[in-house]
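> generate coordinates for the sequence data below:
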Amino acid sequence: MSLCTQCGACCASYSVDFSVTELLSAGGRVPDGLTVEVTAQTARMRGTDHTRPRCCALGGQVGVAVKCQIYEWRPNPCDEFGMGSPACQRARARHSLAPLPEDQIWL
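Okay, the predicted model is just below:
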């Protein structure tokens, strides 16, 4: 089990906005039904715009065991999120998880 599948804090901490060109209806990979329109050019994963964000595609318990239900079709911001990046470390702290050690960081 990777550190990311034990964590999931990023999926329960931030808004996930991306270009509507990534939507299935526009020839992309992200299922339209899991998103909300932000602007004519931008979509957002459902649940990530809540006061306590949690992506609708995240299954499991943060900090224990999680799985992205659309991993193969996730939007670019998710694919580009760096394990151990400053944003990752902030998300982990929000969920009372220890910071990742330097030797386990990839950006």
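
> mind listing what's buried along the helix-or-strand element of the chain with minimal mean pLDDT?
The weakest-scoring helix or strand in the chain, judged by mean pLDDT, DSSP states H and E, is helix 3-7 (a mean of 89). Within helix 3-7, the residues that count as buried by 16 or more other CB atoms under 10 Å are 4, 7. Bear in mind the C-beta positions are built from the backbone N, C-alpha and C, glycine included.

> how about stretch 50-65?
Of all the residues in stretch 50-65, those buried under the rule 16+ other CB under 10 Å are 53-58, 62-63.

> which helix in this structure runs the most residues?
Counting residues, the longest helix in the chain under DSSP state H turns out to be helix 86-94.

> buried ones in that helix, by neighbour count?
When burial is assessed from 16+ other CB under 10 Å, helix 86-94 yields the following buried residues: 88-89, 91-92, 94.

> can you list the residues that contact that helix?
Helix 86-94 is contacted from outside by 7, 9-10, 12-14, 81-82, 98-100, using CB atoms under 8 Å, 6 or more residues apart in numbering.
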